[in-house]
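[1] okay, predicted coordinates and the sequence, questions at the end:
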Amino acid sequence: MAGARLSAPRLAKDLLVTTVVHPGDSLSGRQRLAYILILGALTALGPFTIDTYLPALPTLQNDFQVSTAAIQLTLTATTIGFGVGQLLVGPWSDKIGRRTPLMVATAVHIIACLAAAIAPNVELLGVARALQGIGAAAGGVVAMAMVRDLFGGRPLVRMLSRLALVNGLAPVLAPVIGSWLLLVMPWRGIFVVLAVYGLFVVTCVALWIVETLPKARRHDAGHSTVGQRYKNVLSDRLFVGIAIVGAANFTGLFSYLSSSSFIFQEIYKFNAQEYGLLFAVNSIGIIIGVQSASRLTKYVGPQWILACSTIVMFVASVTIVVLDQAHVGLWGIAIPLWFFIAACGFGFPCVQVLALNGHGAEAGTAASLLGALNFGTAGIISPIVGILGVGSAVPMATVMAICALISIASLWLVVRPRTVPELAH
């Protein structure tokens, strides 16, 4: 870390030279590691905000004496906050640089965590959770934009996959940590821990992360205004199609996130710690998928990886429905669910690189639209599972299957894999 900071002026000088195609190529291995760890910690802020309190959802329902759907709405509020926050922070970071929006938004997240910790009812908890989402949004969108500022082509795939590996540990660790925290503190303490984590992250940014978007690049012709940046992104057929694929995949995954604690704890009688362990095993599938996808891009285009992963998602979700109706039991849900989640992992870096690779001049705007569509769609659709009921895994798996079908349709009808240009080396 220290080495990364000592050489920060040199990096900043390199970034001012706008003729450098990929400024990140000049980074040393130690500097790259520092960026991966800190930017990974930033992107992990979102998953930690969502997942750490999942084991506590049944407890919250009992404490507030409200319905399952009402508790799930606090999760929905977070995802909608993520979507709104990314739409605000992404274009803002394209206009004034990456560091300031990142630090301001993370400060909002810290304050919102403390508000959630003292919320007297589920309504105010929902408001605090929405503000948490807005604040945490900066971590994901600005981290992706910073990586795009520095890299392109296959190096971008490698960096995004390494970032995703660090980020992938968050959903693995978050519910486990949450279940452990519930052993020593009430659920409100989880939000205090999240506030401390946010403070740690923003301190690391202040000490070791330099600005990656030089002033000269904030006013490039055709990319200088918010309207121009949105037009450039939204008029790109490839971006629009890939954004739909990403949103559908994430919504399918989020239907699992919002329902699994009730399904496994109430139907299969898992305690909070057993649920956390199951969640961790499932999340390992994401890590395997992310890292495997980054290696496969050496041999096949990311669009073809998506073509396979979306089919696996559909088959796995339909399998859950069939086996649940056949009363196979726990393993009939857990095994195909793991393959669905792993397939999501294969898709994540592919969606990111295909969406960002052609939009280096408006990386923050592109990343914000990608994230906003992900979290906004998930926030709107996921409560449907709660409305349909969590008395079985069928509602969850049905939503997952529909999302997979939408993803497949967008990939083949809008993106059209054969028309996607090959990534640069």
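    Perfect, thanks for sending it. Numbering: from 1, shown residues only.

[2] name the element Y299 belongs to?
    Secondary structure from DSSP states H and E places Y299 outside every helix and strand.

[3] do you know how far it is from A293?
    Distance of Y299 to A293, computed by CB to CB, to the nearest Å: 11 Å. Where you see a C-beta, it was placed from the backbone N, CA and C, and this is true even at glycine.

[4] in terms of neighbours, single out the busier of the two.
    The residue with more neighbours, out of Y299 and A293, is A293; 26 against 8, by other CB atoms under 10 Å.

[5] check the more buried one and give its pLDDT.
    Looking at A293, its pLDDT reads 87.

[6] ok, the residue nearest to it when sequence neighbours are not counted to C403 distance?
    Spatial nearest neighbour of A293, excluding adjacent residues (CB to CB, 6 or more residues apart in numbering): F346 at 4.7 Å. F346 is 15 Å from C403, where distance means CB to CB.

[7] please apply the same query to F270.
    In this view, F270 and C403 are 25 Å apart by CB to CB.

[8] go on, Y197?
    Counting by CB to CB, the gap from Y197 to C403 is 30 Å.

[9] of these two, which one has the most company?
    C403 (26 against 20).

[10] so which elements touch the helix or strand harbouring the residue nearest to A293?
    Taking DSSP H and E as the criterion, F346 maps to helix 330-356. If you count contacts as 3 or more CB pairs under 8 Å, 6 or more residues apart in numbering; DSSP states H and E, helix 330-356 packs onto helix 122-150, helix 153-184, helix 237-262, helix 272-296, helix 302-325, helix 363-381.

[11] compare these and give me the one nearest A409.
    helix 237-262 (8.6 Å; CB to CB).

[12] how about that closest one: buried residues?
    For helix 237-262, a neighbour-count test (16 or more other CB atoms under 10 Å) marks 238-262 as buried.

[13] so where is this structure shaky, pLDDT-wise?
    1-26, 164-169, 171-172, 216-226, 360-361, 424-425 (pLDDT under 70).

[14] wait, S260 sits on G276?
    No: using CB atoms under 8 Å, S260 is not in contact with G276, being 11.0 Å away.

[15] would a markdown table of the helices and strands packed on helix 330-356 with distance to V66 be doable?
    Output for these, formatted as a markdown table (distance: least, CB to CB, whole Å):
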| stretch | distance to V66 |
| --- | --- |
| helix 122-150 | 5 |
| helix 153-184 | 19 |
| helix 237-262 | 13 |
| helix 272-296 | 19 |
| helix 302-325 | 27 |
| helix 363-381 | 18 |
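
[16] and these: which comes nearest K231?
    Using CB to CB, the nearest of those to K231 is helix 363-381, at 9.9 Å.
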